[in-house]
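>>> structure, please.
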Amino acid sequence: MPDWFGMKARQATKAKRARERALAWSALWDVATRTPFLRKVDASDPDSSFHVAEVLVDSDPIIKSLDALGHGVADSNAPFVGPLIEAAREVRVLADMRPAWIRHCDEYSPAPTDGSRDTVLRYINGPAMRTWSRAEEAKAAAERAEHSLHRLYPALVEFYGYDVTTGRGAA
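Numbers count the residues shown, from 1 in each chain. The predicted structure is shown next:
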């Protein structure tokens, strides 16, 4: 039967926009809660290596959320698309470094046999970061990712209408 009034097309568009909104929420949540990027880090802190290690550990879930949103965009002209592409590019560099970082941590600090330590927390390891041959590269990549995520976050807040970090609707 013909779709005389375009109802099927409108329903499909409505479903695609609802999916985009759900993916935007997931990305917004991950950027706000899984990254130390939005927290203020003291640049004079002599042990910023913990920060870089945390960024490397959290880069994998973040890139998964950003990729999912990128694939689920309903309107390619949405204001968050440009910052999303830039942030995904920069976070992917960190996600690509992540396996090498984990191997380095496994060599530097082998897994405990008693199971008393959380395995993920042992990868947020400042002393291991100071001995890693790619530490400076990781620090530079983390700074670039931080800048791009700082541009993406407000665009996602504006699109979704809610700021996770403040717990309020977008102004």
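
>>> can you report how many residues neighbour the nearest residue to residue 80 once chain neighbours are set aside?
Counting by CB to CB, 6 or more residues apart in numbering, the nearest residue to residue 80 once its immediate chain neighbours are dropped is residue 155, at 3.8 Å. Using the backbone N, CA and C atoms, a C-beta is placed for each residue, glycine as well. Per other CB atoms under 10 Å, the neighbour tally for residue 155 reads 19.

>>> wait, residue 155 sits on residue 79?
Yes. In this structure, residue 155 is within contact of residue 79 by CB atoms under 8 Å, at 5.5 Å.

>>> and the next helix or strand past the host helix or strand of residue 8?
Assigned by DSSP states H and E, residue 8 belongs to helix 7-33. Moving toward the C-terminus from helix 7-33, the next helix or strand (DSSP H and E) is helix 49-71.

>>> quick one: contacts of stretch 71-88?
Identification of contacts with stretch 71-88 by CB atoms under 8 Å, 6 or more residues apart in numbering yields 13, 16-17, 19-20, 23-24, 27, 31, 63, 66-67, 69-70, 145, 148-149, 151-152, 155-156, 158-159.

>>> can you turn the buried part of these into a ChimeraX selection?
The ChimeraX command for the buried members of the contacts of stretch 71-88 (criterion: 16 or more other CB atoms under 10 Å) is given here:
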select :20,23,24,27,31,63,66,67,69,145,148,149,152,155,156,159
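
>>> quick check: residue 65 touching residue 26?
Yes. The criterion here is CB under 8 Å, and residue 65 meets it with residue 26 at 5.1 Å.

>>> who's more crowded, the two?
Legend: neighbour count by other CB under 10 Å for residue 65 and residue 26, higher for residue 65 (21 against 17).

>>> let me see the contact set for that one.
Contacts of residue 65 (CB under 8 Å, 6+ apart): 23, 26, 27, 29, 30, 31.

>>> now those residues as a markdown table including distance to residue 50?
Converted to a markdown table, those look like this (distance: CB to CB, whole Å):
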| residue | distance to residue 50 |
| --- | --- |
| 23 | 31 |
| 26 | 26 |
| 27 | 25 |
| 29 | 23 |
| 30 | 20 |
| 31 | 20 |
